[in-house]
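Novice: Mind looking at a prediction? Sequence and model below.
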Amino acid sequence: MGKLIRFLPLILVIALGVVLYRGLSLNPQDMPSALVGKTMPTFSLKTLNNSEEVVTQADLLGDIILINVWATWCPTCKYEHPYLVDIAKDPQVKLYGLNYKDERVAAQKWLQDYEDPYVFSIFDDEGTLGLNLGVYGAPETFVIDHHGIIRKRFAGAIDTRVWRREFEPLIAQLIEEKKQGK
């Protein structure tokens, strides 16, 4: 028994190493979402640019949309922003922002300084919609089809490579489904 206790730290280090090594093979962008395949959660929040204008999930129906979770405190959001400006030029998708746990004035200034790619940004200062969507942090992007069904959740920054690999095939599929009346 005494000899076994001497090897216990070594056994624990090896077991921990195996767990950590397994973690290296996981893709952090492939975050599970219980909401994929389900309708957008109900919400009633103000827009970022108009503290009197209330929007709900019904305002997001009918089009293929992206909801991009962003914040001024998020350095990765600044990196992905120029790509979002380009994506917003595509008439086949509508890009909405979800300003997450941020300050209204700082977020408004940020969009003025860097260009506002969004149809509008939902102001989620308390993070309630983000919580209902299962947001871990910013940036995250959700693809929602024309029926209001969440079809994809992507955690991390969107750039040209990510857009082509992760989003373009799904967007093309959704456009085809919409044409066929599915």
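Specialist: Good, I have the coordinates. Numbering: from 1, shown residues only.
Novice: only C-alpha atoms for contact and neighbour calcs from this point on.
Specialist: Will do.
Novice: Is Asn49 located within a strand, as I assumed?
Specialist: No - with DSSP: H, G, I helix; E, B strand; the rest coil as the criterion, Asn49 is located in coil rather than a strand.
Novice: Counting neighbours, what do you get for it?
Specialist: By other Cα atoms under 10 Å, 16 other residues sit near Asn49.
Novice: in which helix or strand would I find the closest residue to it other than its chain neighbours?
Specialist: Among residues not flanking Asn49 along the chain, Gln108 sits closest, at 6.7 Å (Cα to Cα, 6 or more residues apart in numbering). Element membership of Gln108, judged by DSSP states H and E, is helix 104-114.
Novice: could you measure Glu52 against Phe123, distance?
Specialist: 11 Å (Cα to Cα, to the nearest Å).
Novice: hmm, I was thinking of Arg153
Specialist: 20 Å.
Novice: ditto for Gln108
Specialist: Taken as Cα to Cα, the span from Gln108 to Phe123 is 10 Å.
Novice: Touching both of these two, which residues are there?
Specialist: Leu48 (Cα atoms under 8 Å, 6 or more residues apart in numbering).
Novice: between the two, which one's more packed in?
Specialist: The neighbour comparison of Gln108 against Phe123 (other Cα under 10 Å) goes to Phe123, with 26 against 16.
Novice: shaky segments in the protein?
Specialist: 1-4, 7-34 (pLDDT under 70).
Novice: residue ranges of the helices in it, please?
Specialist: 2-24, 75-87, 104-114, 128-133, 160-162, 168-179 (DSSP state H).
Novice: Run a quick neighbour tally on Pro82.
Specialist: 16.
Novice: wait, I meant Ala71
Specialist: Residues near Ala71, counting by other Cα under 10 Å: 24.
Novice: Ile67 now?
Specialist: So Ile67, with other Cα under 10 Å, has 20 neighbours.
Novice: Pull the contacting residues for the closest residue to Asp125 other than its chain neighbours.
Specialist: Among residues not flanking Asp125 along the chain, Lys101 sits closest, at 4.1 Å (Cα to Cα, 6+ apart). Lys101 makes contact with Ala71, Asp124, Asp125, Glu126, Gly127, according to Cα under 8 Å, 6+ apart.
Novice: May I see those residues arranged in CSV, with distance to Leu61 as well?
Specialist: Putting those into CSV (distance: Cα to Cα, whole Å) gives the following:
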residue, distance to Leu61
Ala71, 24
Asp124, 19
Asp125, 23
Glu126, 24
Gly127, 22
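Novice: In the residues you listed, find the pair that's most separated.
Specialist: Ala71 and Glu126 (12.4 Å; Cα to Cα).
Novice: Pull up the overlap in contacts between the two.
Specialist: Common neighbours of Ala71 and Glu126, counting by Cα under 8 Å, 6+ apart, are Tyr100, Lys101.
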